[in-house]
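**Student:** pasting the sequence and the predicted coordinates here, then a few questions.
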Amino acid sequence: MVCEGVSMRHKGYGTRVRGFAFTAVLLGVLGMAAMRGGVAATAQTTGMDASAKSSDPWWKHAVVYEIYPRSFQDSNGDGIGDLNGITSRLDYLKGLGIDAMWISPMYPSPQVDFGYDISNYEAVDPQYGTLADMDRLIAESKKHNIRVCLDMVLNHTSDKHQWFIDAASSRSNPKHDWYVWNDGKPANAPGVTPYQKRFEHDGMVPPNNWVSGFGGSAWEWVPAVHQFYYHEFYKQQPDLNWRNPAVEQAMFGAMRFWLDRGIAGFRLDAIPTLFEDPQLRDERETGGVNAQGDPNLDDSYTNNLPEVHDVIRRMRKMVEAYPGDRVLIGETYLPNTAELDKWYGGAAQDELQLPMDMLVGFHGDHDHLDAAKFRQHIEEAETQIHGAQPLFVFDNHDNVRAINRYGDGAHDAEINKLLAAVLFTTKATALMYYGEEIGMTTTTPTRKEDVKDPIGITGWPKEKGRDGERTPMQWTAGPQAGFSTNQHPWLPVAPNYKTVNVAVESKEPDSQLDWFKQLIELRRSNPALHSGSMTMLDTSSPSVLAYERTVEGQPAVVVAMNFTAQPQTISLDVPGTGVKTLATDDPTLKSATSLKNVTLAPFAAWVAAVQ
Ligand code: BGC
């Protein structure tokens, strides 16, 4: 779907990124050149910390790896990935160099939204294993020095959760007020549109024009209580009523259940959508209809309401009471950096440690590579969040993979490597998605009858769903790419698995996998890349993104990336007599000795230590 220039495919995300535009305030020059003596006059600093601090929490320099458990590794031959499958791949993950994994929901669920509809927050879905398997995964991961973060879905439960079953049974049930109910209005009331009349029940229509992110009205009628309930997502995902303190208590209890078992933190699903306008005012129509055929709406009354921040502050306190720097990561599609800053708690920094910055990885203008826009977004992220730590991400289970979104069809492999260079060499925590490291591509179903993701069925053919970016991990060139012994995995393996897989790429010195490993290792071991400050170089270049990372007493590191399909020659004004290449995918730069007149091949990335 397309939403004011945003190319993310399905409406849930479109709604959350609506208003996204490159109108952000231009950065002021921070006078870094003078401070650092000799750096090009156009350089701007984007980092505050000058040296690695041992007191830094683990997540600050971490690489976090998202695992979609259905698709990572099947250990029991049922065609669906599981927890024991993940445990069996810990050596691989260790070898890749990640610090933590985030596992998408593995709780009991009817799987309407593949786990994002949870029916019990304190157990494991039998499809994925048992609580004992989870305990073992946490313990084994610890031995591998890998932390385990879980997904936490707070906005809604499954309609099969006992809370909702009780809530929907009668208005006097104590759980009724745990969800968002409304009597609706008479279908013949003034102003009711023909579209709203489509959702008429017993002479009543929903109270307003709110549309579900996944299609249709956001209100569903329950005859037993003669009321509608609100659902931002599927109707099987009723929204919890966060204005009721009992809901917060119960959900914080569920979070403690897992924190007590030793998990390192949570990725908070759809977290800006917890609250809705108490007056239930109509959203403003923005014109046209979306892929599901519903009117396009603004989301001011259903998304990012200020009330959410009180909850997050209390949550931060709850999580911080645990030892070991537990972390809160937010799924925060937001329109600009100023909004993102609020999710850190602004200057107080008392909310999420790591709200995701979707502005760098998910550009609003069809995700084409534009050095100036990347530079602007990265600088904003580094300077306009009160010195907090940015979290960059290019890929997840909801969007077409970045290799396809940014790829030009001719240089996709080089472009995937370039994006990895941005992800791992900027001064941000890095979040990656399984398969990104081998260059897995999105394989969208070609026939409606093959689609598993419900939005792809209701939205076909305009919206084909998210199956394409959730295909099984490609481990080998063997049957089912080594994902499963079952000939019918829950989604088909992508056709390119014979060449795009871990086994093959482990043996190729210049493979995607090799590149990801090199960069992750450099980021860990090189002090400047690990935690040095960041200074943009060559800031007027429309074609090359270049910056320097510096830390006191250590060689500086320069990074330069050619964002175009033509060779680009650069001269970087950095003090030092020469350079030594640390990593590059451009063979001609492996033995580069100078920062002057360096020619970068199309989409090449170059990381070099200044001597
Ligand atoms: C998750 C989606 C899910 C939705 C509803 C999201 O943001 O990432 O996969 O469908 O929340 O829970």
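**Tutor:** Yes, it's here.
**Student:** when you work out contacts or count neighbours from here on, use the C-alpha atoms and nothing else.
**Tutor:** Fine.
**Student:** for the ligand, what is the nearest residue in the stretch 151-300 of the chain?
**Tutor:** Nearest residue of the stretch 151-300 of the chain to the ligand: Ala270, at 4.5 Å (C-alpha to the nearest ligand atom).
**Student:** test my guess that that residue contacts Ile329.
**Tutor:** No: using C-alpha atoms under 8 Å, Ala270 is not in contact with Ile329; the gap is 11.1 Å.
**Student:** with adjacent residues omitted, what lies nearest to the residue of the stretch 151-300 of the chain closest to the ligand?
**Tutor:** Glu331 (5.6 Å; C-alpha to C-alpha, 6 or more residues apart in numbering).
**Student:** show the pLDDT at the one you found.
**Tutor:** You'll see Glu331 listed with a pLDDT of 98.
**Student:** and for the nearest residue to Glu232 once chain neighbours are set aside, the neighbour number?
**Tutor:** With C-alpha to C-alpha, 6+ apart as the criterion, Glu232 has its nearest non-adjacent residue at 4.9 Å, and that residue is Ser212. Neighbours of Ser212 under the rule other C-alpha atoms under 10 Å: 21.
**Student:** do Glu449 as well
**Tutor:** Neighbour tally, Glu449, other C-alpha under 10 Å: 8.
**Student:** who are the contact partners of it?
**Tutor:** The contact partners of Glu449, by C-alpha atoms under 8 Å, 6 or more residues apart in numbering, come to none.
**Student:** and it, how far from Arg147?
**Tutor:** Here the distance between Glu449 and Arg147 works out to 39 Å (C-alpha to C-alpha, to the nearest Å).
**Student:** next one: Val451
**Tutor:** Taken as C-alpha to C-alpha, the span from Val451 to Arg147 is 33 Å.
**Student:** sketch out the low-pLDDT regions of this protein for me.
**Tutor:** Applying pLDDT under 70 to the chain picks out residues 1-53, 364-366.
**Student:** got the domain ranges for it?
**Tutor:** According to automatic domain parsing, the chain is divided into the following domains: 34-154+248-505, 162-230, 533-610.
**Student:** now render those as TSV, adding distance to Gln512.
**Tutor:** Formatted as TSV, the domains of the chain follow (distance: least, C-alpha to C-alpha, whole Å):
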stretch	distance to Gln512
domain 34-154+248-505	5
domain 162-230	34
domain 533-610	10
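**Student:** for Asn241, find the nearest of those.
**Tutor:** Asn241 lies closest, by C-alpha to C-alpha, to one member of these: domain 162-230, at 4.5 Å.
**Student:** return the distance of that closest one from the chain's centre.
**Tutor:** Distance of domain 162-230 from its chain centroid, counting by C-alpha atoms, centre = their mean, to the nearest Å, is 31 Å.
**Student:** and that domain with the ligand, contact?
**Tutor:** No: counting by C-alpha under 6 Å from any ligand atom, the ligand has no neighbours in domain 162-230; the shortest distance is 8.4 Å.
**Student:** so who does the closest residue to Thr273 other than its chain neighbours touch?
**Tutor:** Spatial nearest neighbour of Thr273, excluding adjacent residues (C-alpha to C-alpha, 6+ apart): Asn303 at 4.7 Å. Listed by C-alpha under 8 Å, 6+ apart, the contact set of Asn303 reads Arg16, Pro272, Thr273, Leu274, Phe275, Glu276.
**Student:** helix, strand or coil: sort out the last one for me.
**Tutor:** What it means is Glu276. Of the three states, Glu276 takes coil under DSSP: H, G, I helix; E, B strand; the rest coil.
**Student:** and the nearest residue to it once chain neighbours are set aside, how many neighbours?
**Tutor:** Distances taken as C-alpha to C-alpha, 6+ apart place Thr302 nearest to Glu276, at 4.6 Å, with adjacent residues excluded. Around Thr302 there are 23 other residues, counting by other C-alpha under 10 Å.
**Student:** assess the claim that Thr302 and Gln279 are in contact.
**Tutor:** No: using C-alpha under 8 Å, Thr302 makes no contact with Gln279, being 11.1 Å away.
**Student:** show me which residues of the stretch 351-500 of the chain are close to the ligand?
**Tutor:** Asp398.
**Student:** the strands in the stretch 351-500 of the chain, which residues?
**Tutor:** Applying DSSP state E, counting those that start in this stretch to the stretch 351-500 of the chain gives strands spanning 354-355, 391-393, 429-433.
**Student:** turn the ones you listed into TSV, including mean neighbour count.
**Tutor:** Formatted as TSV, those follow (neighbours: other C-alpha atoms under 10 Å):
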stretch	mean neighbour count
strand 354-355	26
strand 391-393	26
strand 429-433	23
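**Student:** now for the closest residue to Gly435 other than its chain neighbours: which residues touch it?
**Tutor:** Leaving aside its chain neighbours, Gly435 sits nearest to Met473 (6.1 Å; criterion: C-alpha to C-alpha, 6+ apart). Neighbouring residues of Met473 by C-alpha under 8 Å, 6+ apart: Ser71, Phe72, Gln73, Tyr434, Gly435, Ala481, Phe483, Val493.
**Student:** just give me the closest of those to the ligand.
**Tutor:** Ser71 (13.7 Å).
**Student:** that closest one: neighbour count?
**Tutor:** Ser71, neighbours per other C-alpha under 10 Å, totals 25.
**Student:** residues in contact with it?
**Tutor:** Contacts of Ser71 (C-alpha under 8 Å, 6+ apart): Ile80, Gly81, Arg470, Thr471, Pro472, Met473, Phe483.
**Student:** for the ligand, what is the nearest residue in the stretch 51-200 of the chain?
**Tutor:** Counting by C-alpha to the nearest ligand atom, the stretch 51-200 of the chain gets nearest the ligand through Tyr116, at 4.5 Å.
**Student:** ok, the stretch 301-450 of the chain next?
**Tutor:** Closest point on the stretch 301-450 of the chain to the ligand, by C-alpha to the nearest ligand atom, is Asp398, at 5.5 Å.
**Student:** so that residue makes contact with Arg466?
**Tutor:** Yes: Asp398 lies in contact with Arg466 (C-alpha under 8 Å); the separation is 5.8 Å.
**Student:** who has more neighbours out of these two?
**Tutor:** Shown here are Asp398 and Arg466; by other C-alpha under 10 Å, Arg466 has more neighbours (24 against 17).
**Student:** run through the strands of the stretch 201-350 of the chain in chain order.
**Tutor:** Going by DSSP E, counting those that start in this stretch, the stretch 201-350 of the chain shows strands at 204-205, 219-222, 227-230, 265-269, 285-289, 295-297, 327-330.
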